[in-house]
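> Here is my input, please return the structure:
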Amino acid sequence: MWLRISCKISFSLAAPTPFILMLRPRSGVHQWVARDSFLMTPTVAASEFTDAYGNLCQRLVAPQGDFSIHTSADVMTAGMIDVAPGAPYDEVQNLPDGVLTYLLPSRYCDSDRFFAMATEIVSGVAPGYDQATCIVDWLRREVRFNSASVHDYMMASEVNERREGVCRDLAHLGIALCRALCIPARMVVGYLHGLVPMDQHAWFEVFVGGRWYTFDPTQDAPRGGRVTIAYGHDAANVPIFSQFGLILAPTDMQVTVDMLETAPA
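Okay, here's the model as predicted:
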């Protein structure tokens, strides 16, 4: 399926402000970017680099006053995500070198605190994909997804205590539980067609059966129509914008995801 994604973010800046943005999707195995645009008002000089996770990052200094970024892209992506009940657990010694890092605790995924809890949740379930499914089912039952939650960024252990959060919070807890079982798990941010309310979205992937699979505890069933912007250990690695200096929030943010009837010309 073809999706047209768009994000416009506006700021009011008291002083010139350095930014690192993460707003451009890149083509890969699971998506193909046919067209994209990146507009800034007012126009400023910017450079782009690829970070340690393979994400496209834009670097600039925004001027004092009103400043906005408007990105859009036409992306071909799968209408359904792959599922693989029974896909086996990969022994740690057999994992690819680049996957090993996703076994480790990270800033918001304190997986070293979850071994006993994760073991209890998946008791009697075959190691691998089925354990990840069991964890996601538990999250849907026990942790309330609330898109209006006003909590600051929480560690997985805090999400577990509050039993409520936004999409990134449920992803953090899912990642921590999977890593506690030595299942590699990573954070994903991007767009999901049909998301209500529409916004940037977060989910996670686990590595079983020799590849990565998508899991999203905010959705009742596996759903495709996803465009990935960035991967990382947790939300600390995948912010759509990082500013340096005075703490600020956007004055406005608008996100749209529309399905195209035909491939873009």
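> In contact with the closest residue to R186 other than its chain neighbours, which residues?
Once flanking residues are discounted, R186 sits nearest to Y102: 4.8 Å by C-beta to C-beta, 6 or more residues apart in numbering. In this view, the C-beta of every residue, glycine as well, is placed from N, C-alpha and C. By C-beta atoms under 8 Å, 6 or more residues apart in numbering, the contact set of Y102 is 179, 184-186, 207, 233.
> most surrounded residue in those?
When neighbours are counted by other C-beta atoms under 10 Å, A185 leads the contacts of Y102 with 29 neighbours.
> On the strand side of things, show who that residue bridges to.
Note on A185: beta-bridge partners by DSSP bridges are V206.
> now R168, what's its secondary structure?
For R168, the assignment made with DSSP: H, G, I helix; E, B strand; the rest coil gives helix.
> Hmm, A235 and it touching each other?
Yes: in this structure, R168 is within contact of A235 by C-beta atoms under 8 Å, at 4.9 Å.
> and for those two, which residues touch both?
Joint contacts of R168 and A235 (C-beta under 8 Å, 6+ apart) are 153, 187, 189, 202.
> All the strands of the protein, in order from the start?
2-13, 17-21, 31-41, 46-50, 56-62, 65-77, 144-145, 164-165, 185-192, 201-208, 211-215, 226-232, 241-243, 252-260 (DSSP state E).
> Closest one of the shared contacts of R168 and A235 to D112?
D112 has its nearest neighbour among the shared contacts of R168 and A235 in M187, at 17.3 Å by C-beta to C-beta.
> From P18, how far out is that closest one?
24 Å (C-beta to C-beta, to the nearest Å).
> Compare neighbour counts for those two and give me the winner.
M187 (27 against 12).
> Let me know the pLDDT of that one.
Looking at M187, its pLDDT reads 98.
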